[in-house]
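Q: build me a model:
(3 chains)
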Amino acid sequence: MSTAEHAETNRRDFLYIATGSVAAVGAALAVWPFVNQMNPDASVLALASVEVDLAPIAEGQEITIKWRGNPVFIRHRLAAEIEAANKVAVTDLKDPLARNANLPESDQATDANRVVGGKEQYLVMMGVCTHLGCVPIGNEGEYAVVEGNVKHGGWFCPCHGSMYDTAGRIRKGPAPENLAVPQYAYLSDTKIRIG
Amino acid sequence: MSGHASNYQPKSAFAKWFHERLPIMDMVQGQALDFPTPKNLNYFWTFGGILAVMLVIQIITGVVLVMHYTPHVDMAFNSVEHIMRDVNSGWMLRYMHANGASMFFIAVYIHMFRGMYYGSYKAPREVLWMIGVLIYLIMMATAFMGYVLPWGQMSFWGAKVITNLFSAIPFIGDSITTLLWGGYSVDNPTLNRFFSLHYLLPFVLAGLVGLHIWALHVVGNNNPTGVSVKSAQDTVPFSPYYTVKDAFAIVIFLMFYAAWVFFSPNYLGHAINYQEANPLVTPAHIVPEWYYLPFYAILRAIPDKLGGVIAMFGSILILFALPWLDTSKVRSGNYRPIFKQFFWLFVINCIILGFAGSGAPDNYFLSHEAAPPDQWALTYKLVGQISTAYYFAHFLVILPLLGLLETPKPLPASISDAVLAKSHPSTAHVPAE
Amino acid sequence: MNVLKTLAIAAAGLVLSLGAAHAEGQKTAKDISFSFEWPFGHFDRAQLQRGYKVYKEVCSNCHSMHQMSFRNLSQPGGPEFSDEQVKALAAGYQVQDGPNNDGDMFERPGLPSDRFPSPFANEQAARAANGGAYPPDLSLITKSRPGWYGTINQLINGIGGPQYVYSVLTGYTPDDQMTEELKKEQPEGKYHNPYFANGHWIGMPPPLSEGAVTFDDGTPATVDEMARDVSAFLAWTAEPKMEERKRTGFMVLIFLGVLALLLYLSKKKVWSDVH
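A: Numbers count the residues shown, from 1 in each chain, chains lettered A, B, ... in the order given. Here you go, the predicted model:
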């Protein structure tokens, strides 16, 4: 091809390439809102945080609240439960990691790492068994602290028999991980915000 | 399948393997890329592509809206407001869908008027035309049901008025209406079934569009001269000539669409539909969406309820008969000087019909003032009646007579001749035999 | 043929430009201007905040606003109160929640995620407290009440919803202008207002009076000011995404314009060998 034809082709191709690119960019920009509309909407995001008053929870008592559609166990532990949890060596645990969203992922599952702010009397965890998602039953299982004929702490999952100890760590059964500790922070000594 | 073989050659081993099992690339190349298309098509021919794009846009926006909509009388209105306020880009999706319907109808009316002007309904394109009218009918049903879904005042009352029409049918009318309603009036069962059908029909439309294009490809496109393709000289391959022209026209149309969606999104609708439906309070003026207004005028023009219904449906059904009502052997209005004038009169009449449908029947035309009864007055109703009479006269009297009485202008020998004559007007053109 | 084509277009144009009339009896709304009108318009934050105060202290005693949540007050494009302000505003209300573990409903302080509380439990209670008339929910009032009519008029000037609200609020016929005839016609518990969409007698007594609200920014609370501000606020509650809509619209149109130009040039190039 002569130089003139070459230039002509290049100019023509450039136009077509430019048009095609602009159209492609436009298509990509146009697709995004259609995908993004499936992301959580403003009303869902508004319920993403919940504040809980801990004062009404007496020692040895537990409440369950709903957060982001799931149950959250908030337990005011007895000293005996904390002691029992501390006695266990991390190497004996089925899952050695803390699973605490407020701490680095690699942290060990010591009892201290299962709580936040050094307040070991309050245990806040997702009430969702890490096996297949059932809600474990509290004050049950082999790892509860027994006083007379009353069990304190520990959880037992009725679906497939997983058992969690007084710090919510998996000890027996098919569940692979300790019960997850969600992101939460103390707003005061007796108030937390989850999420 | 459509009289045009493709010269598709699979380029890779995978392409060859696939081609032996499902020759889809062959079909695409033959029907979309290489398809010989008359080289003189004007921009009125881009509306088919525009319509296809609008159908896709309506389906996509519709599917994502359904992810957030609740089809229950107690929750529908609020779910639409939830979409407008909370769903990411929800306001945009909703406005696109609502205004998209209006754009769809603007495009379809231009597309239909193009067909009427250039004689695209004449042999051998009668079936193509009739599939088109069927598509139009289903579009109207789909849009009607869709408008009910937000469950505003106009949604409810429009549904009530139109479903009540069926009770005009003798003997079985009331049973049919009860069947449609699923109860004793428009209520939750009605809303739910409209939702189901509104989701279904666009896919029926997509299938019909496939048939429409198939029918088109068997006979080939019409063109502004109405003279059939005589040789390959008269055509160009669809791609790149018409792909780029259609793309340009589509983007211009999208700009028009965007202007509505982003700067005047509620103009084409009714303010009262932002009030939740109340079965106990009838709005002062029940009006359908603008694209139904001519038919609404026809409905109201006939004093008898059943007569009005028959006239209204008749005004659409008569379109099926158009290929046989127009007796002229010449296709294109460009070569039919008298027909041309009557065509524009018909267009003006349709616009007047639209306005006739927009106001209270007993008000003076284009005013909110009621005319005194028992006195001759130019009311919406009277204008509607005159325009309705003219509408039917156009099809039943004018078109048949024109074909017999009109002397058409001499046709060009071929499309190429016509194109040449346009660019070199000094060249004397040879009259067709 | 050109004559008829021109006639067709002219007919359309003529017919479209007529019809600037109004619904039976409703006086055309006063056409005051708002900052958010036209493609480049946007809300005035201070005005929206004042408008909210008028709604909160005057209107919300009878009118619900079901579509609004407190959190909307801090989202971009609206009054843009701070998160702390919104938390405080919400906490100032008692909101029903429950049932608790005893099965009872209880009251608790409002949260940003709560909807604006309604003054009445349901429509029937609202009617009973207002002589049979229902104070409509105000969330969408400026999109559902045209201030004027006319095909071209509404295309250019909008439907005049905020102007309708302003006109009703400021359009009551003062006592000294009520003729004897009108006084004789006056139904029990109704007031004369020619701007009202449903006849000239409105069940709502004139809600605004000089100084009824004290604005935090010191703007004098004349009836005119309060009416403007609350109308602007109601325009926002009806369309909280308006600013985002216009912004996005510009970008879309400019982008499509560029693409259209490129496609046009491409089309011309492709067709150059045919023409």
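Q: ranges for the strands of chain A?
A: Using DSSP state E, the strands found in chain A span residues A:50-53, A:62-67, A:70-76, A:122-126, A:137-138, A:145-147, A:150-152, A:155-156, A:163-164, A:170-172, A:184-188, A:191-194.
Q: ignore the last one, chain B
A: In chain B, the segments counted as strands under DSSP E are B:36-38, B:235-237.
Q: possible to save the ones you listed as TSV with distance to chain C and mean neighbour count?
A: Using the backbone N, CA and C atoms, a C-beta is placed for each residue, glycine as well. Formatted as TSV, the strands of chain B follow (distance: least, CB to the nearest CB, whole Å; neighbours: other CB atoms under 10 Å in any protein chain shown):
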stretch	distance to chain C	mean neighbour count
strand B:36-38	11	20
strand B:235-237	6	19
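Q: how about TSV for those, with distance to C:Pro135 added?
A: TSV is the format used below for the strands of chain B (distance: least, CB to CB, whole Å):
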stretch	distance to C:Pro135
strand B:36-38	62
strand B:235-237	66
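Q: so C:Phe250 lies in a helix, does it not?
A: Yes: with DSSP: H, G, I helix; E, B strand; the rest coil as the criterion, C:Phe250 is assigned to a helix.
Q: need the per-residue pLDDT for it.
A: The predicted local confidence for C:Phe250 comes out at a pLDDT of 97.
Q: next, count neighbours for it.
A: Applying other CB atoms under 10 Å in any protein chain shown, we find 14 residues neighbouring C:Phe250.
Q: what of C:Val86?
A: Other residues lying near C:Val86 total 22 when counted by other CB under 10 Å.
Q: residue numbers of chain A in contact with chain B?
A: Within chain A, the residues that sit near chain B (CB under 8 Å from any CB of the partner chain) are A:23, A:33-34, A:36-39, A:41-44.
Q: any idea which of these is closest to A:Glu83?
A: For the residues of chain A next to chain B, the minimum distance to A:Glu83 (CB to CB) is 40.8 Å, reached by A:Val44.
Q: count the residues that sit near that closest one.
A: Here the count is done by other CB under 10 Å, and A:Val44 has 14 residues near it.
Q: can you check the pLDDT for the closest residue to it other than its chain neighbours?
A: Closest residue to A:Val44 apart from its sequence neighbours, by CB to CB, 6 or more residues apart in numbering or on different chains: B:Asp86 at 7.9 Å. According to the model's per-residue confidence, B:Asp86 sits at a pLDDT of 97.
Q: check contacts around B:Asp86.
A: For B:Asp86, the contacting residues are A:41-44, by CB atoms under 8 Å, 6 or more residues apart in numbering or on different chains.
Q: ok so, going back, select only the buried ones of the residues of chain A next to chain B in PyMOL?
A: A single PyMOL command selects the buried members of the residues of chain A next to chain B (16 or more other CB atoms under 10 Å in any protein chain shown):
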select buried, chain A and resi 33+34+37+41+42
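Q: among the residues of chain A next to chain B, which are in helices?
A: Among the residues of chain A next to chain B, DSSP state H puts A:23, A:33-34, A:36, A:42-44 in helices.
Q: what's the neighbour count on whichever residue of the stretch 151-275 of chain C sits closest to chain B?
A: Of the residues in the stretch 151-275 of chain C, the one nearest chain B is C:Gly249, at a distance of 2.6 Å by CB to the nearest CB. Using other CB under 10 Å, C:Gly249 has 20 neighbouring residues.
Q: you'd agree it is up against B:Trp260?
A: No: at 9.9 Å, C:Gly249 does not count as touching B:Trp260 under the criterion of CB atoms under 8 Å.
Q: following the helix or strand of chain C with the lowest mean pLDDT, which helix or strand comes up?
A: Each helix and strand of chain C was given a mean pLDDT (mean pLDDT, DSSP states H and E); the minimum falls on helix C:2-17 at a mean of 58. Moving toward the C-terminus from helix C:2-17, the first helix or strand encountered (DSSP states H and E) is helix C:45-57.
Q: so which of the strands of chain A is nearest B:Ser6?
A: strand A:70-76 (56.8 Å).
Q: just the CA trace of that closest one, in PDB.
A: Taking only C-alpha atoms (Å, rounded to 0.1, in the frame of the first residue of the first chain), the coordinates of strand A:70-76 have been written out as PDB:
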ATOM      1  CA  ASN A  70     -28.500 -14.000  62.800                       C
ATOM      2  CA  PRO A  71     -28.600 -14.800  66.500                       C
ATOM      3  CA  VAL A  72     -25.900 -13.400  68.700                       C
ATOM      4  CA  PHE A  73     -25.300 -14.900  72.200                       C
ATOM      5  CA  ILE A  74     -24.300 -12.400  74.900                       C
ATOM      6  CA  ARG A  75     -23.400 -14.300  78.100                       C
ATOM      7  CA  HIS A  76     -22.500 -12.800  81.400                       C
END
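Q: what residues does that strand touch?
A: Contacts to strand A:70-76, defined as CB under 8 Å, 6+ apart, come from residues A:52, A:54, A:57-66, A:121-128, A:135, A:138, A:153, A:155, A:168, A:179, A:182, A:194.
Q: tell me the strands beside that strand, with direction?
A: Its sheet considered, strand A:70-76 pairs with strand A:62-67 (antiparallel), strand A:122-126 (antiparallel) by DSSP bridges.
Q: next, the angle from that strand to strand A:184-188.
A: Strand A:70-76 runs at 50 degrees relative to strand A:184-188, counting by axes from the mean of the first three to the mean of the last three CA atoms, to 10 degrees.
Q: list the buried residues of strand A:70-76.
A: Under the neighbour-count criterion of 16+ other CB under 10 Å, strand A:70-76 has A:72-76 buried.
Q: nearest to chain B among these?
A: Distance to chain B across these (CB to the nearest CB) is lowest for A:Val72, with 24.3 Å.
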